[in-house]
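**Q** coordinates for the following, if possible.
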Amino acid sequence: MSGVTAAAPAGGGLACGPLTTAGVIAMGNLDARIEGLAAQAVPGKLTAYGWGELVELTALRGHVGGRIDEAERAAALADMFVDRAPRDPRPLLARAQVAAQFHRFASALEDLEAAAVLGLDRRTVDEERAAVCQAVGRYDEALALCQRALSRRRDFATLAAMARCHAENGGAAHEADEAAEAETWFLAARRAYHGVSPFPLAILEFQCGRMWLVRGGPARARIWLESAVARLPSYVPALGHLAEADAVEGRRA
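**A** The predicted structure is shown next:
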């Protein structure tokens, strides 16, 4: 890895960021919501919106907890959702999102196109396609989709998507420039966050921290990862990457 560095944000850290619900409370609320939705699904009382939420929250819990069993459960629920509402685009969107998490990118794109045919709005399709294009290395296409989304609205979601696009882009000759550009977008997205849930913000901070580890900036990575863990203490991927930063910096214990 190259020794990439970037200027720190004002104040040198992230302490002045948005306030969110305590992580322990948020995790308890997440568990309770999933259990409540699952209880409605058994007798067939769950609405289409509820099914989509169940898939999304189960996948979220799997990511935060680093649990493959929860990710697999989310995939199974997404398949059930499609079977129950074959003419509704929302199940296909949910299944595409889960498929992308498992790196089944061709399947994700197929479901997104099918959802578009069934009436899913083009903005949502473009946002999800951008994430898939980015994952498979089609950065120019992903960047164009992110720019189009930003031209429609400039909010946390579109700014975060642009940040992730820059975080993944760039060859070795441009690592420093791309990393600095990406962090600018990550900071802009962070400032644009107006929710109280810690999950979107902790995930954003984790993604920036992971970028700095890949780009050879463990000190910058630590600032972002520590913020993510402070926000969500049980965030397993962030804890794992903090351990990686420790190892890179020689703190083996």
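**Q** what about the most far-flung residue of the chain relative to its centre, which SS state?
**A** Among residues of the chain, the one most distant from the C-alpha centroid is Pro43; the distance is 31.6 Å, by CA atoms, centre = their mean. Per DSSP: H, G, I helix; E, B strand; the rest coil, the local secondary structure of Pro43 is coil.
**Q** and the closest residue to Leu109 other than its chain neighbours, helix, strand or coil?
**A** Distances taken as CB to CB, 6 or more residues apart in numbering put Val132 closest to Leu109, at 5.8 Å, once the chain neighbours are dropped. The C-beta positions use only the backbone N, C-alpha and C, and glycine is treated the same way. Taken by three-state DSSP, the conformation at Val132 corresponds to helix.
**Q** roughly how far apart are Val132 and Pro91?
**A** Separation of Val132 from Pro91 (CB to CB, to the nearest Å): 18 Å.
**Q** can you check Glu128 too?
**A** In terms of CB to CB, Glu128 sits 14 Å off from Pro91.
**Q** between those two, which has more neighbouring residues?
**A** Each of Glu128 and Pro91 has its neighbours counted (other CB atoms under 10 Å); Pro91 has more, 26 against 23.
**Q** show me what contacts the more buried one?
**A** Ala48, Trp51, Gly52, Ala78, Phe81, Val82, Arg84, Ala85 (CB atoms under 8 Å, 6 or more residues apart in numbering).
**Q** so which strand or helix has the fifth one?
**A** Phe81 is located in helix 68-84, with elements delineated by DSSP states H and E.
**Q** my guess is Glu244 meets Leu213, correct?
**A** Yes: using CB atoms under 8 Å, Glu244 makes contact with Leu213 at a distance of 6.0 Å.
**Q** neighbour-wise, which of the two wins?
**A** A count of neighbours by other CB under 10 Å puts Leu213 above the other of Glu244 and Leu213, at 20 against 16.
**Q** please name the residues that touch that one.
**A** Leu213 touches Ala221, His241, Glu244, Ala245, Val248, counting by CB under 8 Å, 6+ apart.
**Q** now the two most distant members of those residues.
**A** His241 and Val248 (10.3 Å; CB to CB).
**Q** more crowded one of the two?
**A** Taking other CB under 10 Å, His241 and Val248 do not tie; His241 has more neighbours (23 against 16).
**Q** contacting residues around the strand or helix carrying the more buried one?
**A** In this assignment (DSSP H and E), His241 forms part of helix 236-248. The contact list for helix 236-248 (CB under 8 Å, 6+ apart) reads 63-66, 202, 205-206, 209-210, 213, 218, 221-222, 225-226, 228-229, 232, 252.
**Q** and Ala39, what element?
**A** helix 23-41.
**Q** next, the buried residues of that helix.
**A** Neighbour counts using 16 or more other CB atoms under 10 Å place Gly23, Ala26, Met27, Leu30, Ile34, Leu37, Ala41 of helix 23-41 among the buried residues.
**Q** you'd agree the first one is up against Ser197?
**A** No: Gly23 is not in contact with Ser197 according to CB under 8 Å; the separation is 10.3 Å.
**Q** contact partners for the closest residue in space to Val136 that isn't next to it in sequence?
**A** In space, and not counting its chain neighbours, Val136 is closest to Phe105: 5.3 Å by CB to CB, 6+ apart. Taking CB under 8 Å, 6+ apart as the contact definition, Phe105 lies against Ala99, Val132, Ala135, Val136.
**Q** what does the last one show for phi and psi?
**A** Note on Val136: its backbone torsions stand at phi -100, psi 10 [degrees, to the nearest 10].
**Q** that older thread, what is the subsequent helix or strand relative to the helix holding Phe81?
**A** Next in sequence after helix 68-84, counting helices and strands by DSSP H and E, comes helix 89-101.
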